[in-house]
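# Sequence first, then the predicted structure:
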Amino acid sequence: MLRCVACFGAVAFLLPQTLAEQASPSSGQISARTSQPAREAPAHKIGTGVVRGRVVADGSDSAAPVPDARISISSGSGTIEPVFSDAGGRFEITALPAGRYTLTAEKTGFARTRYGARNDLDATFPVDVAEGKAVEGVEIRMAKGAAITGRITDELGDPVVGALVTVAYTSVAGREASVVAATSRLGWMTDDRGEYRIGGLPPGRYVLMVYGATEGSAPPGPLEWSRTIGWVTTYYADVVSAASATPITLHTGEERSGIDFMLVPSRPAKLTLSVTDQSGAPISGVILLTQPAVTGTSLNTATVTATNPTVTVTLQPGERIVSLVGAASARALVHITLGSGEEAALPIIAGPGARISGRVVFSGSTPPPPLGSVSLRMRGVGPDARSPLSTVQTRVKADGSFEMSGLLGSIVLEPGSPIPGWTLEAMRSGSRDLLDEPLALSGTENVDDIELVFSDRLGSLSGTTVDDRGAVSPGCAVVVLPVEGELRFGSDRSRVQRSDQNGHFIVSDLRPGNYLAAAIANVDASQWLSADYRDRVRPVASSVAIAARDRRTAALVCTSLP
């Protein structure tokens, strides 16, 4: 018997603009385009720089040319018309203003290739262009697209038709478990045999998943495809947790077949939510239900009112973050795990949420930016990384003070956008150092002594990447990690970048401190922030102490990690 996936348990809803700005949920759904007048892309500034190079097939001993590849170049300063490689794979891009550029090549049958990067998570090979100068010899090595094929079945071994199979990168930070990264590939539907094929993939490590489905049918499918039981979101192989998924490592052009797995059956769970304030009075609001850990999934919403403060929602089984954004700044945040077919009641008692306030200070010798132009962002981390209540942004007042309210969960405070020439040197609340330590807010706190100190006393590390004979080794990845502390949530003191076509690199915005610096030929972009990866880098790294306004230089030997 054929089974057809009817709809997906995580349905994206449009939120009111103010709520959407506060929630900023990431979505793995394909959204419809609204009818808006087309905007003409701004033309880039005309210059006299030139980039010439060649596109070749990666992994071929003879460096076979790739003709008719589309090469685009970008620097963030405007749109530059793409060019196409000729029969010999050669290309030329002219009239470029001075700047640092990224090149991208695309052609059917090959993985989309950013110059110097192995996959979408990897750092690119920058190209520095000077006025009146030509950069010669750029070689973009395009990998033949890898592919994964397999078959999706139900618990009876029957094929599942129309299942959306999605492939995504994995990412690790600190010692936390792997999660599905936000950079994910679109999914492919299984055919009438339950089979799928996902192609055009660059080499890398992936996780496969099929989103869960609820009761129903997918017209115009036959009536026998209608379903009376659903499946939870299932990862290869036959598991329901991203952390337990079996990663698949693909090499250039590899055709990996037989990646079959069975969807884990489940019946929809029903969750009845009743919302009151702390006095027991019903309130109005919007309830957001998100999945922790897995990024790229959408959310469910429900609405309660003062006259109807109880609502029942049907969900896939599993863990959910239940967030309430209510009237009069009422907030609530609850975690709940639902079993297959479970019917549960969850009373939600809303409160005002926590309030934090403090001041921003600029300490340095250069003129600071106007304080009113600085923004701060609160970001959820750990189990609350996808809670919309943990993602709030505010602008600092002209006197340097700031305030945020209605906060709940584990959160960190950071600049809303980079401030050129300045970095966050210190953040404290009393004796607590908050630079890498999350604030755990239950919703009743009033933290009013937070101080953020921005400094222009930045140090830098520059130099050249070389091979073991001392010859320049361009395009090698330079990894800079702080010696101290666990990288639990990522760190603004960590850097990875590639040296340019001359082997030069510069990391120009380092806070004073002790660092490990290494040039890694085969850097794993999904793992480099993990504590385990740092332990692997340590034996080949150089210790570098960066003082305020220190300008350190180093020749780093490009090494491959085992």
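Looks like it arrived, so ask away.
# quick one: the helices in the stretch 351-500 of the chain?
With helices called from DSSP state H, counting those that start in this stretch, the stretch 351-500 of the chain shows none.
# Check the chain too.
17-23, 531-537 (DSSP state H).
# Compare those and say which comes out lowest on pLDDT.
Lowest mean pLDDT within those: helix 17-23, at a mean of 31.
# Could you list the alpha-carbon positions for stretch 363-380 in CSV?
In CSV, the C-alpha atoms belonging to stretch 363-380 read as follows (Å, rounded to 0.1, in the frame of the first residue of the first chain):
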residue,chain,number,x,y,z
SER,A,363,36.8,53.7,26.0
GLY,A,364,39.5,54.6,23.6
SER,A,365,41.5,57.3,21.8
THR,A,366,39.4,57.7,18.7
PRO,A,367,36.0,59.5,18.5
PRO,A,368,33.3,57.0,19.4
PRO,A,369,30.1,56.7,17.3
PRO,A,370,27.0,58.6,18.5
LEU,A,371,25.6,56.6,21.3
GLY,A,372,22.1,56.8,19.8
SER,A,373,23.3,54.9,16.7
VAL,A,374,24.3,51.8,18.7
SER,A,375,21.9,48.9,19.0
LEU,A,376,22.0,45.9,21.3
ARG,A,377,20.5,42.5,20.7
MET,A,378,19.4,39.8,23.2
ARG,A,379,19.9,36.3,21.7
GLY,A,380,18.7,33.0,23.1
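# Identify each buried residue in that stretch, please.
If you call a residue buried by 16 or more other CB atoms under 10 Å, then stretch 363-380 has these buried ones: 364, 368, 371, 374, 376-380. For the C-beta atoms, the positions are set from N, CA and C on the backbone; glycine is no exception.
# and which of those residues is nearest to residue 109?
Checking the buried residues of stretch 363-380 against residue 109 by CB to CB gives residue 379 as the nearest, at 39.5 Å.
# Tell me how many other residues crowd the residue nearest to residue 201 when sequence neighbours are not counted.
Once flanking residues are discounted, residue 201 sits nearest to residue 146: 4.5 Å by CB to CB, 6 or more residues apart in numbering. Close neighbours of residue 146, defined as other CB atoms under 10 Å, add up to 23.
# I'd assumed residue 197 was in contact with residue 146.
No. At 11.3 Å, residue 146 and residue 197 do not qualify as touching, with contact defined as CB atoms under 8 Å.
# if we can go back for a sec, need the pLDDT of the residue nearest to residue 201.
The model's pLDDT for residue 146 equals 91.
# Please apply the same query to the one 4 residues further on.
Residue 150 is assigned 95 on the pLDDT scale.
# for residue 426, same thing?
85.
# That one pairs with what?
Applying DSSP bridges to residue 426 yields these beta-bridge partners: residue 453.
# Give the burial count for it, as a bare number.
15.
# just residue 257 next, same as before
Residue 257: 12 neighbours (other CB under 10 Å).
# In strands, which of the buried residues of stretch 363-380 fall?
The members of those that map onto strands under DSSP state E are 376-380.
# Take those residues and write them to TSV, including pLDDT and distance to residue 267.
Compiled in TSV, these are given as follows (pLDDT from 0 to 100; distance: CB to CB, whole Å):
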residue	pLDDT	distance to residue 267
376	93	44
377	89	40
378	86	37
379	82	35
380	82	30
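# Between which two of those residues is the distance greatest?
Counting by CB to CB, the most remote pair of those is 376 and 380, 14.6 Å apart.
# so what's the closest residue to residue 503 other than its chain neighbours scoring on pLDDT?
Of all residues not flanking residue 503 in the chain, residue 472 sits nearest, at 3.7 Å (CB to CB, 6+ apart). pLDDT, residue 472: 91.
# next one: residue 504
For residue 504, the predicted pLDDT is 92.
# any idea how far the closest residue in space to it that isn't next to it in sequence is from residue 471?
Using CB to CB, 6+ apart and skipping the chain neighbours, the partner closest in space to residue 504 is residue 464 (5.9 Å). Counting by CB to CB, to the nearest Å, the separation of residue 464 from residue 471 is 10 Å.
# now do residue 310
For residue 310, the distance to residue 471 equals 72 Å [CB to CB].
# Those two: which has the busier surroundings?
residue 310 (13 against 8).
# Without its sequence neighbours, what residue ends up closest to that one?
residue 274 (4.4 Å).
# where does the stretch 151-300 of the chain have low pLDDT?
170-187, 212-230, 243, 293-299 (pLDDT under 70).
# and if we set it to 80?
Along the stretch 151-300 of the chain, the parts satisfying pLDDT under 80 run over 169-187, 211-233, 240-244, 266-268, 291-300.
# Give the burial count for the residue nearest to residue 504, as a bare number.
20.
# Who are the contact partners of it?
472, 499, 502-505, 555-556 (CB atoms under 8 Å, 6 or more residues apart in numbering).
# 7 Å instead?
472, 503-504, 555 (CB atoms under 7 Å, 6 or more residues apart in numbering).
# ok, now how distant is it from residue 232?
52 Å.
# And for residue 501?
When distance is defined by CB to CB, residue 501 is 49 Å away from residue 232.
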